[in-house]
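Visitor: Fold the following and give me the result.
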Amino acid sequence: MKSKAITKWERLIQIAPVEWELQADKMTSFERDEMCARLEGIAERCGMLSAYLYERCGYGCGDRGHTNAVKKANKVGRIIHCKAFGYNAFHDLSI
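Guide: Reported below is the predicted structural model:
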């Protein structure tokens with residue numbers, strides 16, 4: 001079985017927070033910007049998917065349906081995108 005090479009950004013998210021300063025100092029401005037964009041996208045997607053799955057079955061009250069789950073995912077996505085990361089617009093999922 002082939003082992004997948006770990007990329008630079010995957011390695012960075014695995015290090016302890018105490019090492020963040022040293023790693024950030026080693027990065028170029030372009031690398032930091034790229035890392036920020038990737039991590040923001042991952043955080044947003046994870047939050048939205050988590051909200052979606054909880055709405056579908058996570059509360060112990062049964063499935064609340066896809067439509068309600070998408071609404072909840074959009075609400076969480078908007079909070080992460082706008083409030084946590086400071087953007088002023090969010091494009092809802094329409095699936």
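Visitor: Going by C-alpha atoms from here, please, whenever you check contacts or count neighbours.
Guide: OK.
Visitor: which non-adjacent residue is nearest the residue nearest the centre of the chain?
Guide: By Cα atoms, centre = their mean, the chain has its centre lying nearest to Ala43, at 1.5 Å. Setting aside the residues directly before and after it, Ala43 is nearest to Ile80 in space (Cα to Cα, 6 or more residues apart in numbering), at 7.8 Å.
Visitor: So which bits of stretch 44-63 are buried?
Guide: Buried residues in stretch 44-63, counted by 16 or more other Cα atoms under 10 Å: Glu44, Arg45, Gly47, Met48, Leu49, Ser50, Ala51, Tyr52, Leu53, Tyr54, Glu55, Arg56.
Visitor: Kindly report the same for stretch 20-37.
Guide: Neighbour count says stretch 20-37 has Arg32, Met35 buried, by 16+ other Cα under 10 Å.
Visitor: Distance across it, terminal residue to terminal residue?
Guide: Distance across stretch 20-37, first residue to last, is 17 Å (Cα to Cα, to the nearest Å).
Visitor: Worst mean pLDDT across the helices and strands of this protein, which element?
Guide: In the chain, the helix or strand scored least confidently by mean pLDDT, DSSP states H and E is helix 8-14, which has a mean of 80.
Visitor: what does that helix contact?
Guide: Applying Cα atoms under 8 Å, 6 or more residues apart in numbering, the external contacts of helix 8-14 come out as Gln23, Met35.
Visitor: now stretch 73-83
Guide: By Cα under 8 Å, 6+ apart, the list of residues contacting stretch 73-83 reads 40, 43-45, 47-52, 87-90, 92-93.
Visitor: Which of the three states applies to Phe90?
Guide: Look at Phe90: counting by DSSP: H, G, I helix; E, B strand; the rest coil, its state is coil.
Visitor: burial of it, as a residue count?
Guide: 14 (other Cα atoms under 10 Å).
Visitor: I'm done for today, thanks for sticking with me.
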